[in-house]
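1. Could you look at this predicted model? Sequence included:
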Amino acid sequence: MIGDVTDRTALIVDDLVDTAGTLAKVAQAIKRAGAREVLASATHAILSGQAIEMIERSPLSRLLVTDSIPLSPRRGAVTRSRCSPSRS
């Protein structure tokens, strides 16, 4: 973590979330450092095993992911965003 997060909203940016263990640990560390809110984003949401439960138990208020991998209907605090084709 770089900088002071006290009383601020923190955003974690990652390429993928599989089991969400690392993401949950990072969110906990940021919250302990004084962040008011912790958000996360990831390009690919694999969300295997107990990932959804791990996210729901973490201090994350929202996880925003792209639709590069289909999500199951039970996704809790995970919000999906559509991928748009790039324009040349």
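-> Sure, I can see it. Predicted model, so just to flag it, every value in this text is computed and none were measured.
2. right, and Leu39 touches Ser61 too?
-> Yes. At 6.1 Å, Leu39 counts as touching Ser61 under the criterion of Cβ atoms under 8 Å. Backbone N, C-alpha and C define where each C-beta goes, glycine included.
3. Between the two, point out the one with more neighbours.
-> Using other Cβ atoms under 10 Å as the criterion, Leu39 and Ser61 rank with Leu39 on top: 18 against 13.
4. ok, what's across the strand from the more buried one?
-> With DSSP bridges as the criterion, Leu39 is bridged to Leu11, Arg62.
5. Going forward, the N-terminal residue is numbered 32.
-> All right, first residue 32 from here; so that's Leu70.
6. From Pro101, how far out is it?
-> Per Cβ to Cβ, to the nearest Å, Leu70 is found 22 Å from Pro101.
7. Kindly report the same for Pro90.
-> Counting by Cβ to Cβ, the gap from Pro90 to Pro101 is 27 Å.
8. Next: Lys62.
-> 30 Å.
9. In terms of neighbours, single out the busier of the two.
-> Taking other Cβ under 10 Å, Lys62 and Pro101 do not tie; Lys62 has more neighbours (17 against 7).
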